[in-house]
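[1] Attaching a predicted model along with its sequence, questions to come.
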Amino acid sequence: MPADFDVIVVGSGAAGSAAAFHLAARGRRVLVLERERLPRRKPCGGGMAASVQRWFPFDLAPAVDQVIAQVRFTWCLEDPVTAVLPGDAPFWIVRRSVLDGYIAEQASLAGAELRDGAPVESIARDGELWRVVTGPGGAAAGGSPSGVVTARALVVADGSGSPFATSLGLGPPRPRYASAVAVEVEAPVAEPDTARFEFGLVRHGFCWAFPRKGGYSIGVGTFIGREATDADGVLGRLLPSLGLPADAGERFSSPLRVWDGHHALHAPGVVAVGDAASLCDPFLAEGLRPALLSGVRAAEALDRHLGGETGALAGYTAAMREQWGDSMAWGRRIAQVFYRVPKVGYQLGIKRPTAPQRIAQILSGEMGYGDIAQRVIKRLLFQRG
């Protein structure tokens, strides 16, 4: 029996929509299943390097809220260090509801079919095909309240809480999570071209404050250990430093599924992308650039796989290791040292004359952690006492 689609993409976030666009643009029959009704809100700082534009033939500017020209680092809201970012538009701030929807729209224009309000209830291998059972919204227009669809290949793109990645043997068998609280604040922005990182208020982590259209995307993240963070107490100090009330904003718990070692991101006929693949940066919490990168590389590999190329999906895992994972291996080592002795890390790392520019280059995608890691780790280990 022929498959209903060439590829089913589970999740319409940045990674899933990017994969859907590039597959549809190559002439593949693509179905995107999204459990939420669109547009849907997703807590996220929304920062990404402008260099992601090179992965798309359409202009991403309509989805960009703010262009960041500089990054300011502080320790307990004092001792500031400011880095001017390289290039004309090195770092963008987006709202995920806008960016994800925009890329999904481009995928639809390229020929992909999008069904929202369609939670995936089960996924199973059926011979050479994938059999996906959905709840209401998953059936085609005019169909039954639930649906069964089949495809030759599958993309798991359902985010940090993915129930399918682990069960299908994709990514780490025991994902590691960073604890995070996201805050969206509607307010005038004093410095719309400046992103802020605060390292002293959070034990084993940091805060970020990104300006966007009409307000801020703010977060509090803890990257080592499992102890609860007093996010309200931290925000009670951070928000007034931005000229905001201490209780401002709508708050969401937003766990981050961070990179935690090299693992296969493919199995026969299936790949994982984005947060479901545990690609979030374990040091600076960057998730959008690897999400988009994985969607693009997965589409390339799946297109070759559907064309009969043996080993194409293994090539996807290898590409993500080379282009992202190798840098993250060093990023994790830096994080493990830095966040255990953050005050020393701030003094010996962030405040070094060359450090802010290096971090700016990492955020803009011009440099990887491997370029600086050995020097940074040695400096922190030998001078931490």
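    Done, it's in. Everything quoted here is computed from the prediction, not taken from an experiment.
[2] Which residues are in contact with the closest residue to A319 other than its chain neighbours?
    Closest residue to A319 apart from its sequence neighbours, by Cβ to Cβ, 6 or more residues apart in numbering: R297 at 4.9 Å. All C-beta atoms are positioned from the backbone trio N, CA, C, and that covers glycine. By Cβ atoms under 8 Å, 6 or more residues apart in numbering, the contact set of R297 is 316, 319-320, 323.
[3] give me that answer again for 7 Å
    Counting by Cβ atoms under 7 Å, 6 or more residues apart in numbering, R297 touches 316, 319-320.
[4] what does G331 give?
    281-283, 369.
[5] Present the residues you listed as a markdown table; the columns should include neighbour count.
    A markdown table is the format used below for the contacts of G331 (neighbours: other Cβ atoms under 10 Å):
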| residue | neighbour count |
| --- | --- |
| D281 | 24 |
| P282 | 25 |
| F283 | 23 |
| Y369 | 23 |
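[6] helix/strand/coil for I334?
    The three-state assignment at I334 reads helix, by DSSP: H, G, I helix; E, B strand; the rest coil.
[7] Surely it is in contact with V376?
    Yes: contact criterion Cβ atoms under 7 Å: I334 and V376 qualify, at 5.7 Å.
[8] returning to that earlier point: among the contacts of R297, which are located in strands?
    Using DSSP state E, the subset of the contacts of R297 located in strands is empty.
[9] The spatially most central residue of the chain: what's it in contact with?
    Nearest to the mean C-alpha position of the chain, by Cα atoms, centre = their mean, lies G287 at 2.4 Å. Going by Cβ under 7 Å, 6+ apart, G287 touches 256, 275, 279-281.
[10] Also P172?
    For P172, counting by Cβ under 7 Å, 6+ apart, the contacting residues are 260-261, 263, 278.
[11] one more time with 10 Å
    Contact partners of P172, counting by Cβ atoms under 10 Å, 6 or more residues apart in numbering, are 165-166, 257-264, 277-278.
[12] Now restrict the residues you listed to buried residues only.
    165-166, 257-260, 263-264, 277-278 (16 or more other Cβ atoms under 10 Å).
[13] Relative to Q357, which of those residues is nearest.
    Checking these against Q357 with Cβ to Cβ, the nearest one is W259 at 23.7 Å.
[14] low-confidence ranges in the stretch 151-300 of the chain?
    Applying pLDDT under 70 to the stretch 151-300 of the chain flags residues 225-228.
[15] Turn the contacts of G331 into CSV, including secondary structure.
    Converted to CSV, the contacts of G331 look like this (three-state DSSP):
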residue, secondary structure
D281, coil
P282, coil
F283, coil
Y369, helix
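[16] ok, so of those, who is nearest R152?
    Nearest member of those to R152, counting by Cβ to Cβ, is D281, at 32.6 Å.
[17] just to revisit the earlier point, most widely separated two among the contacts of G287?
    D275 and D281 (11.6 Å).
[18] Give the residues shared as contacts by those two.
    Contact with both D275 and D281 is made by residues 256, 258, 287, 290, according to Cβ under 10 Å, 6+ apart.
[19] residues in contact with the second one?
    Contact criterion Cβ under 10 Å, 6+ apart gives 160, 172, 175-178, 180, 221, 223, 275, 278-283, 285, 287, 328, 331-332, 335 as the residues in contact with V258.
[20] quick one, phi psi at it?
    phi -90, psi 160 (degrees, to the nearest 10).
[21] Report the beta-bridge partners for it.
    Beta bridges link V258 to R176, C280 when assigned by DSSP bridges.
[22] Now do it against R332, distance only.
    Counting by Cβ to Cβ, to the nearest Å, the separation of V258 from R332 is 8 Å.
[23] R237: which of the contacts of P172 is nearest?
    Nearest to R237 out of these is V258 (Cβ to Cβ; 25.0 Å).
[24] May I ask which helix or strand encompasses R358?
    Assigned by DSSP states H and E, R358 belongs to helix 355-363.
[25] Give me the residues contacting that helix.
    Taking contacts as Cβ under 10 Å, 6+ apart, the residues outside helix 355-363 that touch it are 47-49, 68, 70-73, 81-87, 90-91, 195, 197, 281, 283-284, 286, 289, 327, 331, 346, 348-350, 352, 366-369, 371-372, 375-376.
[26] Apply 7 Å and report the result again.
    With Cβ under 7 Å, 6+ apart, helix 355-363 has contacts from 49, 71, 73, 81, 83, 85-86, 91, 284, 286, 349-350, 367, 369, 372.
[27] Buried subset of these, written for ChimeraX?
    Once 16+ other Cβ under 10 Å is used to decide burial, the buried members of the contacts of helix 355-363 can be selected in ChimeraX as follows:
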select :49,71,73,81,83,85,91,284,286,349,350,367,369,372
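[28] one step back: out of the buried ones among the contacts of P172, give me the two with the largest separation.
    V258 and A264 (17.6 Å).
[29] circling back: what's the overlap in contacts for V258 and R332?
    Jointly contacting V258 and R332 under the rule Cβ under 7 Å, 6+ apart are P282.
[30] Double-check that V81 belongs to a strand.
    Yes: assessed by three-state DSSP, V81 belongs to a strand.
[31] change the start of the numbering to 14 and stick with it
    In the new numbering, first residue 14, that becomes V94.
[32] what number of residues lie near V146?
    Look at V146: counted by other Cβ atoms under 10 Å, it has 15 neighbours.
[33] I'd guess it is in a strand, am I close?
    Yes: under three-state DSSP, V146 sits within a strand.
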